[in-house]
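**Q** here is a sequence together with a model predicted from it:
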Amino acid sequence: MKIKYNRVSSLSQSGNRFLDDKEVYDLTMMDKCSGKVKFAERENGKKLKDLIENGKVTDIVVNELSRLGRNTGDTIATLEFMDKYNVNVIVQDIGLESMPKGKRNPIFKMISSIMSSLYENELQNIKERTRAGREVYKLNGGLFGRPVGTNETERDFLKKPQIKKIISNLDKGLSIRNVAKIVEVSPMLVQKTKKLMNKQLKLN
């Protein structure tokens with residue numbers, strides 16, 4: 001099978017940008033998660049891994065290497081896993097294939113390592129710019145958190161779409177840290193949600 005694998009970073013992204021790809025695939029899969037989440041721990045990443053291990057995949061197509069991961073080590077490990085099962089990885093934005101016509105591309109590993117490092121460095125730069133922006137905002141009198149005077153009840157808080165996602169993952173028995181990574185929120189918010197969940201259960 002020739003499979004297209006897509007990933008978007010958050011639930012607010014729809015993945016519509018992938019609609020420009022008019023290529024025909026046997027299967028298209030998409031995960032909504034941070035690139036920091038290991039490929040093998042993603043919902044469709046796990047399914048794709050199983051298909052590969054069962055010898056059902058010949059080609060995997062991604063728009064760019066960052067769709068596989070933002071961590072260099074994990075991305076390289078994922079590519080090595082695919083290589084082990086003779087899967088041809090096609091990276092569209094740089095026009096690179098790991099096994100064109102069934103023959104290993106000798107420069108694929110070198111280029112993919114460089115690109116993965118660049119993506120990881122880009123993520124760190126984004127984090128640093130975000131942190132600096134928050135500090136400047138605070139120095140100029142900006143405030144974070146709920147606006148003063150809002151009357152949101154605990155029940156209203158628990159009904160929010162993002163909070164429901166947190167609750168769904170907590171119900172699966174996942175740790176606070178893992179839930180925070182999957183939903184892309186702070187562990188503090190997950191802890192607060194868990195505390196209010198338990199409180200509401202006692203009240204009911």
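**A** Ah, there it is.
**Q** quick one, domains of this protein?
**A** 2-117, 154-203 (automatic domain parsing).
**Q** ranking the ones you listed by burial, who's on top?
**A** Of the domains of the chain, the one with the most neighbours on average (mean count of other Cβ atoms under 10 Å) is domain 2-117, at a mean of 16. Bear in mind the C-beta positions are built from the backbone N, C-alpha and C, glycine included.
**Q** how long is it from one end to the other?
**A** 27 Å (Cα to Cα, to the nearest Å).
**Q** how far does it sit from its chain's centre?
**A** 12 Å (Cα atoms, centre = their mean, to the nearest Å).
**Q** pull the residues that contact stretch 81-90.
**A** 49, 52-53, 55, 57-62, 79, 96-100, 102, 104, 108 (Cβ atoms under 8 Å, 6 or more residues apart in numbering).
**Q** sorry, wrong one. I was asking about stretch 105-120.
**A** Here stretch 105-120 has contacts from 35, 64-66, 69-72, 75-76, 79, 89, 91, 94, 96-99, using Cβ under 8 Å, 6+ apart.
**Q** just the ones in helices from those, please.
**A** Among the contacts of stretch 105-120, the ones falling in helices (DSSP state H) are 72, 75, 76, 79.
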